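K.L.:
Provide a 3D model corresponding to the input given below.
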Amino acid sequence: MKTTVYLNEFRDYFQKIRPDNFSYEGLGALFEYLEECERDTGENYELDVIALCCDFSEDTPEAIAESYSIEISDCGGDYYEISAKVKEYLEDENYLIGEVSGGFVYRQH
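P.N.:
Numbering: from 1, shown residues only. Take a look at the predicted model:
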């Protein structure tokens, strides 16, 4: 038995199980990505909040740079330069899911 989950329900599931993993905006980006994957593959996705929290994350450009050893010392602390460098890295590695206020939603590796 399957049911269709809409964006608000998707957000509600995360708020009940893992309220601190993604922002409201971040959950919207993740939901869009998962819907696109379903359209591309023709397969329905089974919602597993815990698994999604293991596979995907949302963080600031600085935190991502630190986690993935992205060299940002040449950015002089400029948020926009750091953000651009981190975004380029995430795109090059095919990890970028979406850009949100203050950071990125990305596939963890």
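K.L.:
How many neighbouring residues does residue 12 have?
P.N.:
A count of nearby residues for residue 12, using other CB atoms under 10 Å, gives 13. For every residue, glycine as well, the C-beta is placed using N, CA and C.
K.L.:
right, and the helix or strand after whichever strand or helix holds it?
P.N.:
For residue 12, the element it lies in under DSSP states H and E is helix 7-17. From helix 7-17 onward toward the C-terminus, using DSSP H and E, the following helix or strand is helix 24-41.
K.L.:
what element comes up after that next one heading to the C-terminus?
P.N.:
Tracing the chain past helix 24-41, the next element assigned as helix or strand by DSSP H and E is helix 49-55.
K.L.:
Which elements pack onto the helix or strand following that following helix?
P.N.:
Of the helices and strands lying after helix 49-55 in sequence (DSSP H and E), the nearest is strand 56-59. Counting contacts by 3 or more CB pairs under 8 Å, 6 or more residues apart in numbering; DSSP states H and E, strand 56-59 packs against strand 103-107.
K.L.:
So residue 97: helix, strand or coil?
P.N.:
Three-state assignment for residue 97 (DSSP: H, G, I helix; E, B strand; the rest coil): strand.
K.L.:
hang on, the earlier thing: please spell out which residues along the helix holding residue 12 are buried.
P.N.:
Neighbour-count burial for helix 7-17, with 16 or more other CB atoms under 10 Å as criterion, is recorded at 10-11, 13-14.
K.L.:
Residues contacting it, please?
P.N.:
Residues outside helix 7-17 that contact it (CB atoms under 8 Å, 6 or more residues apart in numbering): 5, 21-22, 24, 27-28, 31, 47, 49-50.
K.L.:
from those residues, which is closest to residue 40?
P.N.:
Closest to residue 40 out of the contacts of helix 7-17 is residue 31 (15.0 Å), distances taken as CB to CB.
K.L.:
Can you tell me how far that closest one is from residue 44?
P.N.:
Distance from residue 31 to residue 44, counting by CB to CB, to the nearest Å: 14 Å.
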